[in-house]
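# What follows is a predicted protein model with its sequence.
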Amino acid sequence: MPIYYPDILEEKTEPRTFTYCEKDIMLYALGIGMGRDPMNERELPFVYEKDLKVTPTVTTVLASARGQPIRPATDQRSGLRMSKLNLLMLVHGEQKVELHKPLPSSGTITATSRTMGAYDKGERGAVVVDESVWTDEKGEKVATLTGSTFARGDGGFGGPSQGAPEPHAVPERKPDLLARFDTRPDQALLYRLNGDFNPLHSDPEVAKQAGFSRPILHGLCTFGITCRAVLQEFCDYDPTRILSHQARFSAPVFPGDAITVDLWQDRNVISFEARVVDRGATVIKNGKTVLRA
């Protein structure tokens with residue numbers, strides 16, 4: 001199905017209101033590997049309801065964990081041509097989470113999404129950028145999530161080829177710190193309980209059809225692991241210090257892989273990339289976290 005340009009820039013969704021609880025917060029933290037050592041008193045507050053701490057990147061799963069369908073807004077103009085991407089050819093390109101205030105351990109959120117940009121890459125496909133704004137029960141802005149999708153089957157629609165946000169450039173010097181995290185062979189099966197039930201992450205046959213030897217780990221799980229690295233190395237496990245966290249997905253991770261996160265600090269900006277050393281693969285690029293000064 002085609003991308004209709006510039007109509008796609010007017011597309012938005014109906015506001016979705018959802019409620020989350022402490023169990024959702026703890027399940028996510030377990031899904032990105034926190035609490036594996038129950039005697040680690042630094043990580044225990046992320047997986048135990050006593051003085052529960054909230055991992056900032058949990059915002060990437062809370063809405064989908066509620067299982068609510070995304071519906072087009074009913075107030076869109078008459079005659080608007082709705083684009084429909086080829087779902088079999090979609091790849092998550094980039095993700096950014098911006099927190100406008102600390103996320104409580106439970107609450108009710110209203111999320112409204114819109115398409116911010118569409119960039120035509122010709123035979124290579126298209127890049128579509130979407131934004132979701134979260135507000136709380138007081139109507140105050142809580143978070144903004146921005147993500148890009150690489151639609152490999154939807155290029156040639158006549159839109160601009162340039163103008164997409166430029167990825168963050170990590171420093172060229174040697175990393176200031178390295179953090180290593182082992183993933184479990186069953187990590188994708190646990191993480192999927194946050195709401196992403198794509199069988200690519202659980203069904204060996206589906207994974208083979210997609211060209212993989214086995215199910216792969218969710219990209220957003222790897223994204224969460226990079227946030228763990230920043231919390232551990234620069235925030236003394238205080239999640240309220242993180243104002244934003246963003247990265248570009250560059251290669252898949254297999255459950256059981258060991259992930260090494262390279263980290264650079266320049267004042268309140270942390271740059272990062274993630275590698276699976278055993279396979280020589282860089283799985284996260286152009287990472288950037290902004291800390292509260």
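Structure's in. What do you need? Numbers count the residues shown, from 1 in each chain.
# for the lowest-mean-pLDDT helix or strand in the chain, the distance to its chain's centre please.
Evaluated with mean pLDDT, DSSP states H and E, the helix-and-strand set of the chain has its lowest mean pLDDT in helix 62-65, which scores a mean of 80. Distance, stretch centre to chain centre, for helix 62-65: 12 Å (C-alpha atoms, centre = their mean, to the nearest Å).
# And the contacts of it?
Helix 62-65 is touched from outside by 16, 18, 20, 24, 28, 109, 111, 132, 194-196, with contacts defined as C-beta atoms under 8 Å, 6 or more residues apart in numbering. For every residue, glycine as well, the C-beta is placed using N, CA and C.
# following that helix, which helix or strand comes up?
strand 90-99 (DSSP states H and E).
# just to revisit the earlier point, write a ChimeraX command that selects only the buried members of the contacts of helix 62-65.
Selection of the buried residues among the contacts of helix 62-65 in ChimeraX, burial being defined by 16 or more other C-beta atoms under 10 Å:
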select :16,18,20,24,28,109,111,132,194,195,196
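# Take the contacts of helix 62-65 and lay them out in TSV including distance to Cys227.
Output for those, formatted as TSV (distance: C-beta to C-beta, whole Å):
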residue	distance to Cys227
Arg16	24
Phe18	21
Tyr20	18
Asp24	16
Tyr28	11
Ile109	19
Ala111	20
Ser132	18
Asn194	14
Gly195	18
Asp196	17
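# So which of the contacts of helix 62-65 are in strands?
With strands taken from DSSP state E, the overlap with the contacts of helix 62-65 comprises 16, 18, 20, 109, 111, 132.
# that older thread, nearest to Glu140, of the contacts of helix 62-65?
Ile109 (10.8 Å; C-beta to C-beta).
# right, and the closest one touches Thr17 too?
Yes: at 7.1 Å, Ile109 and Thr17 qualify as touching, with contact defined as C-beta atoms under 8 Å.
# Next one: the nearest residue to Ser106 once chain neighbours are set aside from Leu27, what distance?
The spatially closest residue to Ser106, leaving aside those adjacent along the chain, is Cys21, at 4.7 Å (C-beta to C-beta, 6 or more residues apart in numbering). Cys21 sits 10 Å away from Leu27, going by C-beta to C-beta, to the nearest Å.
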